[in-house]
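> model this:
(3 chains)
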Amino acid sequence: MSNRLRHLTTLENLPRETIERLLDKANSLRDQSAHGTRKLDILAGRTVLNLFFEPSTRTRTSFELAARRMGADVINFDIALSSSSKGEELFDTLHTLEAMHLDAIIVRHKVSGTPEELVKHAMSGVSVVNAGDGNRAHPTQGLLDALTIRNHHPDFRKLKVAICGDVRHSRVARSDVHVLTAMGAKDVRIVGPSRLLPTEGEFKGVTLHEDFDEAIQGVDVVIMLRLQKERMASTDLPDEAAYFERYGLDTRRLARAAKGALVMHPGPINRGIEIAPEVADGAQSRILEQVGNGVFVRMAVLCEVMGR
Amino acid sequence: MSNRLRHLTTLENLPRETIERLLDKANSLRDQSAHGTRKLDILAGRTVLNLFFEPSTRTRTSFELAARRMGADVINFDIALSSSSKGEELFDTLHTLEAMHLDAIIVRHKVSGTPEELVKHAMSGVSVVNAGDGNRAHPTQGLLDALTIRNHHPDFRKLKVAICGDVRHSRVARSDVHVLTAMGAKDVRIVGPSRLLPTEGEFKGVTLHEDFDEAIQGVDVVIMLRLQKERMASTDLPDEAAYFERYGLDTRRLARAAKGALVMHPGPINRGIEIAPEVADGAQSRILEQVGNGVFVRMAVLCEVMGR
Amino acid sequence: MSNRLRHLTTLENLPRETIERLLDKANSLRDQSAHGTRKLDILAGRTVLNLFFEPSTRTRTSFELAARRMGADVINFDIALSSSSKGEELFDTLHTLEAMHLDAIIVRHKVSGTPEELVKHAMSGVSVVNAGDGNRAHPTQGLLDALTIRNHHPDFRKLKVAICGDVRHSRVARSDVHVLTAMGAKDVRIVGPSRLLPTEGEFKGVTLHEDFDEAIQGVDVVIMLRLQKERMASTDLPDEAAYFERYGLDTRRLARAAKGALVMHPGPINRGIEIAPEVADGAQSRILEQVGNGVFVRMAVLCEVMGR
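The predicted structure is shown next:
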């Protein structure tokens, strides 16, 4: 395991074999832990610290459960610093935490690139895991999405995926594109109103679409993104109903996708804005499966970076 | 134990034998844990989540201690949702938490009936324990009050109890009435200014009183409720001194109760508003005994709902 | 160990042998825990509660790590009370926590003397550890500073120390003076603008200085204090640059101290206000060593007060 990751800050440029190893490990940890009901001691004696500059109870709880299920201690470091805290103040906080001998720091920060900055400035052997930075990356979300897809469609070379919503500002979309590309997905379609699409050429090997009805045609997976309500103003859509009309996933639209297409969403969902309740709760929804996989993927990542 | 509780949302209609089993278990856990000084491993590997939509450090800490003393992991889920969050948003949060494989959710919410809604919408085997919902129920408080009384007065059939204060808005009073009734208490007297009394007929088998001096006569137990200061306006009492004059428990008034009557209060107390300092700190006060019993009762409830 | 401390509220009047025992214990715990990488079970089954009325993530985390590294459970009690909460309300909170059977309460409060008040009002065997009260004492900071110094200069009788900054309002400075005096330091120099110096005669055995260039001459240790920016107004220095000019520690000024003098700071540092970045990050800086020692000193203190 000479190419073991010591940190996980992004999925960009991560080789397929590393991704596959992490997904295999996640599935294996699911079995070992009897679906999360049996506590393991793989990380007994290790200490993991949650350093969240942006609140995210769901992601923080998922990491906390992942760490504790393997016997690690978890410290929640409540940030008194302003959420935009960066530069020297941030690195002094990092060095202070390192001096207390932590094994891993899980960081969320609204400034893109913060996790890499922490890696660059780290003085000790502490591992940094990115729990979301700015619009840039949310690698464990990308991995759990890949795991959810792979458990249904082992061969990505035949896979058609649509990612719909505010892709421009979405770290989830970026990490999804990175992991889908690395896994060799055949056809990745990015869908949304023009002002929420990424800039032309930002992503390699994907196509951009403004017409969701057209883009959803025949896809095996539909990944819907959460619409931040404050983004509505930057579209040319007058209100939530108009947004839903053009970019919401309802039963009629889903019927255009491949039979049994997987419906995914990173949560929390806005019912009636980007997704119809009957689709969110329907037979094709994998939303809760994603949440479950999230814990196992995070267990795998913590094992990887801590060398277990 | 075929009638084991899988959830605890209210004490209403709970059979006496179930209550007695929980109280016996609480006493037995007190012994097993050497009064809370010895850690048990009954719930090792289990995960309990505190889902508090209303802040309550005391109750949350009591549950957290109860769970940890039996070896469970405890996650505090800090709610970013507004405190009135309900409906689909609440159930999506529930389902997300279930998908992470928790064993029990301890919930406090200002909307009455929320715990039952969670039970109804739960998709997995997660247990729901009510830590207080609206004005409606606070079942572990009712149980700890019953345990405190039973440890002094094993036979409820002779028992006279007065509950005094803002009963109308009190979930503690409702759970106390339910448990006292189920345990067969002889005489339960509800006391307070008319606008803070429950509506006529809401409770079966109790009497309503506006004159505390009269109602306290000969009772074995006096349960004082905390007066929310903002409720003062809805009484016809001009100020705190006037409230204390008519409904405060002082030495003189306590002397009208039975010899050695137990003085109880769910805390935190308002000294000089509903209770005189010398009574709160006096020999008949069982207030701190209630707090201690709270941990053991919550241990018993967690064991019950998780099948241990 | 008949003179074992049951509480630690201040270093004032603490005998040298007690201090030496705690520092020896801290070093021994560092070895036992393999520099904090091996979890111990010395406090398994014990429960420690953080009662912080003032936020302090760094100190709270250091105590939390110290307790968990020895196997104790840690509860963070989030205070709904106002930060100036005192008197009966504070003691009722104390008694409630005691009734839940805790082993130790770690308290930070902005009112000087609060830890002693808790000791005086405690009804059970709970131990109280001061994590900082008002301007008065921060005993674990004093101990960790002493440990950091002793690891480099075992013989305090030859030691010259300068403490520079807002000494008047600093609990760190007070605890440092107490521990340095008890350890027999030869020469302790208090430095700062006149309005931030302590009142004449408050400290025994120290000298007061307004000229930092003069006072730093030949010292073996320079302890810089954090300047609260709101204190600037109470000096006769017009701005941060002027403060730094007279009281900041830069390379030029540090060169006046003894060769290899230790540079210390309780953190978090204000770069460019009280300390130059190149000094904070330089070879003589012991700031992160202080942080590391903080965990071991707190482990030693928790062992001491809980009788292990």
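> going by C-alpha atoms from here, please, whenever you check contacts or count neighbours.
Noted.
> if I look at the residue most central in space within chain A, how far off is residue A:162?
Note on chain A: the residue nearest the mean C-alpha position is residue A:141, at 1.7 Å, using C-alpha atoms, centre = their mean. Distance, residue A:141 to residue A:162, using C-alpha to C-alpha, to the nearest Å: 16 Å.
> and what of residue A:14?
Between residue A:14 and residue A:162 the distance is 22 Å, computed by C-alpha to C-alpha.
> residue A:218 now?
According to C-alpha to C-alpha, residue A:218 stands 10 Å off from residue A:162.
> out of these two, which sits in the busier spot?
More crowded of residue A:218 and residue A:162, by other C-alpha atoms under 10 Å in any protein chain shown: residue A:162, with 27 against 17.
> now do the contacts for that one.
Going by C-alpha atoms under 8 Å, 6 or more residues apart in numbering or on different chains, residue A:162 touches A:188-191, A:215-216, A:219, A:221-223.
> assign a three-state SS to residue A:198, would you?
For residue A:198, the secondary structure call by DSSP: H, G, I helix; E, B strand; the rest coil comes out as coil.
> buried stuff in stretch A:231-238?
residue A:232 (16 or more other C-alpha atoms under 10 Å in any protein chain shown).
> residues contacting residue A:244?
A:272-275.
> same thing with residue A:127?
Residue A:127 touches A:6-7, A:103-105, A:119, A:305-306, counting by C-alpha under 8 Å, 6+ apart.
> including neighbour count and distance to chain C, could those residues go into TSV?
Conversion of those to TSV gives the following (neighbours: other C-alpha atoms under 10 Å in any protein chain shown; distance: C-alpha to the nearest C-alpha, whole Å):
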residue	neighbour count	distance to chain C
A:6	19	17
A:7	22	19
A:103	23	9
A:104	24	12
A:105	27	13
A:119	20	18
A:305	19	16
A:306	20	13
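> neighbours of residue A:204, how many?
Residue A:204: 11 surrounding residues under other C-alpha under 10 Å.
> what does residue A:100 give?
Residue A:100: 24 neighbours (other C-alpha under 10 Å).
> residues from chain A in reach of chain C?
A:45-46, A:73, A:75, A:77-80, A:92, A:95-96, A:99-101 (C-alpha under 8 Å from any C-alpha of the partner chain).
> strands of the stretch 51-200 of chain A, start to end?
Here the stretch 51-200 of chain A has its strands, by DSSP state E, counting those that start in this stretch, at A:73-77, A:104-109, A:127-133, A:160-164, A:187-191.
> mind listing what's buried in stretch A:183-197?
Of the residues in stretch A:183-197, A:183, A:185-194, A:196-197 count as buried by neighbour count, 16+ other C-alpha under 10 Å.
> close to chain B: what parts of chain A are there?
Going by C-alpha under 8 Å from any C-alpha, the residues of chain A near chain B are A:35-39, A:55, A:57, A:61-62, A:64-65, A:68-69, A:268, A:288-289, A:291-292, A:295.
> out of those residues, name the ones that lie in helices.
Counting by DSSP state H, those place A:57, A:61-62, A:64-65, A:68-69, A:288-289, A:291-292, A:295 in helices.
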